[in-house]
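Trainee: The following block contains a protein sequence and its predicted model.
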Amino acid sequence: MQALQLFGDRDLRLTEVEPPPPPGPGEVQVRVRAVGLNFIDVWGFRGMAFAKRKLPLTVGAEAAGEIACIGEGVEGLKPGDPVALYGAMTCGQCRACREGRDNLCEDVSGVMGFHIDGFARELVNMPARLVVKVPESVDFVQAACAGIAFGTVQHMLFDNARLEPGETILVHAGGSGIGTAAIKMAKAIGCTVFTTVGDDAKGEKARALGADHVINYREERFEGEVRRLTKRKGVDVVFEHVGAETWNGSLLCLKRGGRLVTCGSTSGVSATINLMQLFQQQYRITGSFGCRLANIRESLAKMAEGITPVVDTVLPLADFATGLERLESRKVFGKILVTL
């Protein structure tokens, strides 16, 4: 079967590999139909963590497909069922996994497509507990955004930030895959949304999604604009995933007692913090990584209700590297996906 494998720094090749064996007890075999691209794919493409990985490595951390066959003891799934796939191989035995919090697994084997072979291949065997059935009205391209993009946002906004209807929120990088999802999810519950973008064209698209206030960070200091627009009060929540470049400005955007939730560091991993500001303003800062399995189910339910992913580009599997380069350039609005 075909698989897209990473052989070295920016060296992706479409290769022929042996198909997986029949699924074992408790496993399903999935025919992959669509793979979502994310910044973790870009980091892997650049050569991050090669020393900890065995190459060649099949890429792809986020995907959807259909059940090809099932192993002994699998219930609730049958051949032909569309499914979204969880993006890490978790143990299923530790307390976190038993409670459905796989993103806190104590013995995780790794993130698919980054530490261990991922989803950019025709067939993959998965534990049945790590696949989530997709509603009929959600297509494969949409479902392929559930495992990381929508699941991550669902976990950040509602598990961690505890976003409430009517609150104010600043969403950074409103044109990104998770930024567009965050705007749509926040607007769906009646929040006032501020967002940052890198150009006016993205700004118009963000407004079309429902963003109330759009700030071109290349032309204006976003923290100054947020404070001006909120009459110096600040926002209830900051959705942060840019990192070092925006960190301190993000804190300045928070109202007293505000919540910042972060899942990324695309502009750098190190930042300073004013501890007096932190405790005097009583900020609540939460790190967020991945999502719970329940977040994928919640995300798919939202898609079925009409809160669908914003798709920038859909490419064939052979053009995965082109998609990564487009993502790396940040000339993107929404998600880039490949189909098999």
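Mentor: Looks like it arrived, so ask away.
Trainee: Which stretches in the stretch 201-340 of the chain count as strands?
Mentor: Listed in chain order, the strands of the stretch 201-340 of the chain (DSSP state E, counting those that start in this stretch) span 213-216, 235-240, 254-262, 284-287, 311-316, 335-339.
Trainee: Restrict the third one to CA atoms and write it as PDB.
Mentor: Taking only C-alpha atoms (Å, rounded to 0.1, in the frame of the first residue of the first chain), the coordinates of strand 254-262 have been written out as PDB:
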ATOM      1  CA  LEU A 254      -6.800  40.300  30.200                       C
ATOM      2  CA  LYS A 255      -9.200  41.900  32.600                       C
ATOM      3  CA  ARG A 256      -8.600  41.300  36.400                       C
ATOM      4  CA  GLY A 257      -9.200  37.700  37.100                       C
ATOM      5  CA  GLY A 258      -9.100  36.900  33.400                       C
ATOM      6  CA  ARG A 259      -8.100  33.500  31.900                       C
ATOM      7  CA  LEU A 260      -5.400  32.800  29.400                       C
ATOM      8  CA  VAL A 261      -5.200  29.300  27.800                       C
ATOM      9  CA  THR A 262      -2.300  28.300  25.600                       C
END
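Trainee: so that strand versus strand 235-240, what angle?
Mentor: Angle, strand 254-262 to strand 235-240, by axes from the mean of the first three to the mean of the last three Cα atoms, to 10 degrees: 30 degrees.
Trainee: show me what contacts the residue nearest to Gln2 when sequence neighbours are not counted?
Mentor: Once flanking residues are discounted, Gln2 sits nearest to Glu122: 5.6 Å by Cβ to Cβ, 6 or more residues apart in numbering. C-beta coordinates here come from the backbone N, C-alpha and C atoms, glycine included. Residues counted as contacts of Glu122 (Cβ atoms under 8 Å, 6 or more residues apart in numbering) are 1-3, 19, 31-32, 340.
Trainee: Make CSV from those and add pLDDT, neighbour count and distance to Leu315 to it.
Mentor: Formatted as CSV, these follow (pLDDT from 0 to 100; neighbours: other Cβ atoms under 10 Å; distance: Cβ to Cβ, whole Å):
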residue, pLDDT, neighbour count, distance to Leu315
Met1, 97, 15, 19
Gln2, 96, 16, 15
Ala3, 97, 26, 16
Pro19, 97, 15, 23
Arg31, 98, 18, 19
Val32, 98, 27, 15
Leu340, 95, 21, 11
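Trainee: Out of these, list just those in strands.
Mentor: The members of the contacts of Glu122 that map onto strands under DSSP state E are 2-3, 31-32.
Trainee: Spatially, which two of these are the most separated?
Mentor: Farthest pair in those (Cβ to Cβ) is Ala3 and Arg31. Separation: 13.1 Å.
Trainee: residues touching the most centrally placed residue in the chain, list them.
Mentor: What sits nearest the mean C-alpha location of the chain, by Cα atoms, centre = their mean, is Ala149, with 2.7 Å. Going by Cβ under 8 Å, 6+ apart, Ala149 touches 36, 38, 62, 177-178, 181, 309, 335.
Trainee: go with 6 Å
Mentor: Ala149 is in contact with 177-178, 181, counting by Cβ atoms under 6 Å, 6 or more residues apart in numbering.
Trainee: what's the answer for Lys184, then?
Mentor: Contacts here follow Cβ under 6 Å, 6+ apart; on that basis Lys184 touches 209, 307.
Trainee: helix/strand/coil for it?
Mentor: Secondary structure assignment for Lys184 (DSSP: H, G, I helix; E, B strand; the rest coil): helix.
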